[in-house]
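Chemist: What would the 3D arrangement of this be:
(2 chains)
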Amino acid sequence: MDNPYIPVPMRVKMARFESDDRSLKTIDLEPVEGEVFDFMPGQFCEISILGKGEAPFGIASVPWEGILRFTINRAGLVTTAIHQLEEGDVVGVRGPLGNWYPVDLFEGKNIVIVSGGFAFTTLRSLIKYLLKNRERFGKLTLVYGARRPDLLLYRDEIEEWEKSGEMDMYITIDKPVEGWEGYVGFVPQVLEQASPSPENAYLVMCGPPAMIKFTLPVIEKLGFKPETVFTSLERRMKCGFGKCGRCNIGKYYVCKDGPVFSLDQLNKLPKEY
Amino acid sequence: MKRIEKNKFYEKLNGMIGEYRVFAPSGDRYRYIEDVSEIKFDGLLTKMSPKAHFLPQEEELFRWDEKENIKVKDVNDRYIVFGMRPCEVRAVTLLDPTFDTEKFPDPYYINRRKNTIIISIACNEPLETCFCTSFGYGPFTKGDADLMLVDMGDYFLGEGDEDILNLFGFTDSEEDYRELKEKAESRIGRIEIEGIPEKLEQIRETDFFKKITQRCITCGTCTFLCPTCYCFDIQDRNRLNGGKRVRVWDSCMFKIYTHETSGHNPRYEEHRRMRQRVMHKFAYYPSLYNQYGCVGCGRCVTYCPVNFDIREVIREAGGYNG
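Modeler: The predicted structure follows:
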């Protein structure tokens, strides 16, 4: 029997700070032996630092990149240890865990992606997946905001995507900054400006609680039905596969039945997230 | 029916210690015993439930050395848990769907579960706090036990697996335990459980949980003593030349249980934690597995330091119209 508690050793192939304030760090991991396991956009892993502990992080890469990418905000014991990692260091990984964005359901539909801050990380995985299988999906729209330009993740790729014309893009920052030519304003306002049609469309949203709170009314106003809106939740987790108990919301475990839920599902649950 | 003299049974059990690790009631809890003389029944139920065998309070998941080589302890022990009550046997059955899963089966739990012979003893004289019959079984239900004994004074009547009956040397008997069973069942108070899961969902957002939580001090005693509570934390213990990762019992009644690094805590307020405990057993678990997550052993009633009574809560919920 496979032991799901045992982390698999992976080597840091690349480590870089993502933001000027060094609060965000991106690491690429590759297995010490063999190849990266298969996974779907939206799934997560537990990263283990022996002696410090484990914490769950959404995967930012796609399987065909041959690496696992994570962008991690420095906040506690484990994330501080991860921030100290350098290329060549070995960490433990357990995964892939959880469900994923329902890309089969998205087939043939227009997809609207709404995000704020570093919650964008797993949406990189989704966007890469959608672009790779571009012909299977309709119009793609991305509304993505951060406080400052340097807090926008994966800026090189955002530029590439903008140039490719494959997506309608609305990249925004909170306040005007010299040299910034994109949108200025909070995500909900920019989403309203973009005004994507709910016809034949699904919407995926990931962001901090404040963004979600003010974006939900806009989504409703635009006419998106709760069953067409998906989000990914975070909770304190330990095991990551429905045993240790702490991440439940009603009868669901965020680790095992999530982290991706439809708004329709969430509306029926206690507000414990 | 089969029977065996008690002294003969205990002699046989004593002889099996060594081949099996025997977990038996010894005062306020079960212990792994070296000799049957250590078996002590401290009333009908021990304070700590025998779940501690299936889910030890602290259990090593793996350890690592100074080179960070990970090693999982090789456990090939076989076990006998002797003296479990029907409610405690049922509680183990209720743990199975969480740990013995198709995806991500839990190797530690499954290893112990599969290698354990459960010998239960029916309850001739249930306690005032017992309410097992509310859940569709009772003080003489064998359930998942391999062998259920009925205490007849100098001897046991036994019911169960043929191999185990033979192993102990049970002999045929004309007697049965029907009368004892009926007498025991008649002594047990019932709670009205019909429709409770739906009712709890209905009153989830009302002041009901705030009201019932007023005197709770969230000490977590109920969850540690509860035979169906299984939540655990995973912690790292550092040593000079390596360390180990362990899982330890945890409790949904603790504030830190759901406290996130950001400071956000979805169950910061006491009544949210109480709601989680009550609804997990009486609404969420039933909606997933079509059975209640409570076995009616009454430990949480007996040992709550502020006299919180889950039976009253269910009764109040049933009639709550606020």
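
Chemist: hang on, A:W161 packs against A:L131?
Modeler: Yes: using CB atoms under 8 Å, A:W161 is in contact with A:L131, at 7.5 Å. Bear in mind the C-beta positions are built from the backbone N, C-alpha and C, glycine included.

Chemist: Neighbour count for these two, which is higher?
Modeler: Comparing A:W161 with A:L131 by other CB atoms under 10 Å in any protein chain shown, the one with more neighbours is A:W161, at 19 against 16.

Chemist: Check which helices and strands the helix or strand harbouring the more buried one sits against.
Modeler: Per DSSP states H and E, A:W161 falls inside helix A:155-164. Applying 3 or more CB pairs under 8 Å, 6 or more residues apart in numbering or on different chains; DSSP states H and E, we find helix A:155-164 packed against helix A:121-132, strand A:168-173.

Chemist: So which residues of the stretch 201-322 of chain B form strands?
Modeler: Assigned by DSSP state E, counting those that start in this stretch, the stretch 201-322 of chain B shows strands spanning B:232-239, B:242-249.

Chemist: ok so, going back, output the helices and strands packed on helix A:155-164 as TSV; include the columns mean pLDDT.
Modeler: Formatted as TSV, the helices and strands packed on helix A:155-164 follow (pLDDT from 0 to 100):
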stretch	mean pLDDT
helix A:121-132	97
strand A:168-173	96
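
Chemist: okay if I get the ones you listed as TSV plus distance to B:R63?
Modeler: TSV is the format used below for the helices and strands packed on helix A:155-164 (distance: least, CB to CB, whole Å):
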stretch	distance to B:R63
helix A:121-132	32
strand A:168-173	48
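
Chemist: Let me see the contact set for A:Y144.
Modeler: Each residue near A:Y144 by CB atoms under 8 Å, 6 or more residues apart in numbering or on different chains is listed here: A:113-116, A:120, A:123, A:152, A:158, A:169-172, A:187.

Chemist: Tell me the pLDDT of the residue of the stretch 151-273 of chain A found nearest chain B.
Modeler: Closest residue of the stretch 151-273 of chain A to chain B, CB to the nearest CB: A:G245 (3.4 Å). The model reports A:G245 with a pLDDT of 95.

Chemist: Share the number of residues neighbouring the residue lying closest to it once chain neighbours are set aside, please.
Modeler: In space, and not counting its chain neighbours, A:G245 is closest to B:C231: 3.4 Å by CB to CB, 6 or more residues apart in numbering or on different chains. The number of residues packed near B:C231 is 23, by other CB under 10 Å.

Chemist: For B:Y289, find the nearest of the strands of the stretch 201-322 of chain B.
Modeler: Set against B:Y289 and scored by CB to CB, the strands of the stretch 201-322 of chain B come closest in strand B:232-239, at 19.4 Å.

Chemist: Output the closest one as CSV, nothing but the C-alphas.
Modeler: The C-alpha coordinates for strand B:232-239 follow below in CSV (Å, rounded to 0.1, in the frame of the first residue of the first chain):
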residue,chain,number,x,y,z
PHE,B,232,-5.5,14.7,14.5
ASP,B,233,-2.6,17.2,14.1
ILE,B,234,0.7,16.4,12.4
GLN,B,235,3.8,17.6,14.1
ASP,B,236,7.5,17.4,13.7
ARG,B,237,9.7,16.4,16.6
ASN,B,238,13.4,17.3,16.2
ARG,B,239,16.1,15.2,17.7
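
Chemist: what do A:W161 and A:L131 both touch?
Modeler: Common neighbours of A:W161 and A:L131, counting by CB under 8 Å, 6+ apart, are A:M167.

Chemist: Please identify the deepest-packed of the helices and strands packed on helix A:155-164.
Modeler: Ranked by mean neighbour count, these are led by helix A:121-132 with a mean of 22 (mean count of other CB atoms under 10 Å in any protein chain shown).

Chemist: and that helix, anywhere near chain B?
Modeler: No: using CB under 8 Å from any CB of the partner chain, helix A:121-132 stays clear of chain B, coming no nearer than 15.4 Å.

Chemist: all helices in chain B, in order from the N-terminus.
Modeler: Using DSSP state H, the helices of chain B run over B:6-16, B:51-54, B:86-99, B:107-114, B:162-168, B:178-187, B:196-202, B:208-213, B:221-225, B:270-279, B:285-289, B:299-303, B:310-318.

Chemist: Make CSV out of those helices and add mean neighbour count.
Modeler: As requested, those are exported to CSV (neighbours: other CB atoms under 10 Å in any protein chain shown):
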stretch, mean neighbour count
helix B:6-16, 15
helix B:51-54, 22
helix B:86-99, 22
helix B:107-114, 17
helix B:162-168, 14
helix B:178-187, 14
helix B:196-202, 17
helix B:208-213, 19
helix B:221-225, 21
helix B:270-279, 22
helix B:285-289, 16
helix B:299-303, 19
helix B:310-318, 18
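
Chemist: what about the helix holding A:W161, average pLDDT?
Modeler: Per-region confidence: helix A:155-164 scores 95 on mean pLDDT.

Chemist: Pull out the buried residues from it.
Modeler: Across helix A:155-164, burial judged by 16 or more other CB atoms under 10 Å in any protein chain shown covers A:158, A:161.

Chemist: Would you mind writing the CA trace of that helix as PDB?
Modeler: Extracted in PDB, the C-alpha atoms of helix A:155-164 (Å, rounded to 0.1, in the frame of the first residue of the first chain):
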ATOM      1  CA  ARG A 155       4.900  39.300 -15.700                       C
ATOM      2  CA  ASP A 156       7.000  38.000 -18.600                       C
ATOM      3  CA  GLU A 157       4.200  35.500 -19.400                       C
ATOM      4  CA  ILE A 158       1.500  38.100 -19.000                       C
ATOM      5  CA  GLU A 159       3.300  40.200 -21.700                       C
ATOM      6  CA  GLU A 160       3.500  37.100 -23.900                       C
ATOM      7  CA  TRP A 161      -0.100  36.400 -23.500                       C
ATOM      8  CA  GLU A 162      -1.000  40.000 -24.300                       C
ATOM      9  CA  LYS A 163       1.100  39.900 -27.500                       C
ATOM     10  CA  SER A 164      -0.400  36.600 -28.600                       C
END
